[in-house]
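K.L.:
what follows is a predicted protein model with its sequence.
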Amino acid sequence: MSNFNYVCPYCKKINRLPLKESYSKAKCGSCGNSLLDGKVIEANDSDFNYIIQNSTAPVIVDFWAPWCGPCRMMAPNFEQASRTLAPKVQFVKVNTEDNPQISGQFGIRSIPTMIVFKNGVEVDRISGALPTEQIIALASKHI
């Protein structure tokens, strides 16, 4: 059975999980919080690369800003997708206003923009607010 790395959304420690079809329980080995509740990680300039490089599960990043209406409308959809796919996919949000270095690094020109990373490499990108089902479909094709 193969394993994958999943970054705890609470303490950001790396957890090694077995690759399974479904999970009845999975807790962080460091802080003890559940890895199944689908909490989205709020990443910043200092920890973004750490998360992307250390998660071997696909990572979908939502680049957003507080003033962006479509971003705010999509936020619940992104959170629902995270709850649906945890821990098979890692979900991360980056506030482009607070973290311009990351936004510049990936050439973010419009928001919301979602980028899917696999093993630290960008594998997919889409701009615009999406419903939950489309976010799940985008992420699922990289599991």
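P.N.:
Okay, I see it. Numbers count the residues shown, from 1 in each chain.
K.L.:
let me see the ranges of the strands in this structure.
P.N.:
Secondary structure of the chain (DSSP state E): strands located at 3-7, 14-18, 41-43, 59-64, 90-95, 113-118, 121-127.
K.L.:
sheet partners, orientation included, of the last one?
P.N.:
Strand partners for strand 121-127, identified by DSSP bridges, are recorded as strand 113-118 (antiparallel).
K.L.:
name the residues of the strand it pairs with that are buried.
P.N.:
Neighbour-count burial for strand 113-118, with 16 or more other CB atoms under 10 Å as criterion, is recorded at Thr113, Met114, Ile115, Val116, Phe117, Lys118. For the C-beta atoms, the positions are set from N, CA and C on the backbone; glycine is no exception.
K.L.:
in this protein, which residue is closest to the centre?
P.N.:
The chain has Phe91 as the residue nearest its centroid, 1.8 Å off, counting by CA atoms, centre = their mean.
K.L.:
contacting residues for Trp64?
P.N.:
When the contact criterion is CB atoms under 8 Å, 6 or more residues apart in numbering, the partners of Trp64 are Cys71, Arg72, Met74, Ala75, Lys93, Val94, Asn95, Thr96, Ile111, Pro112.
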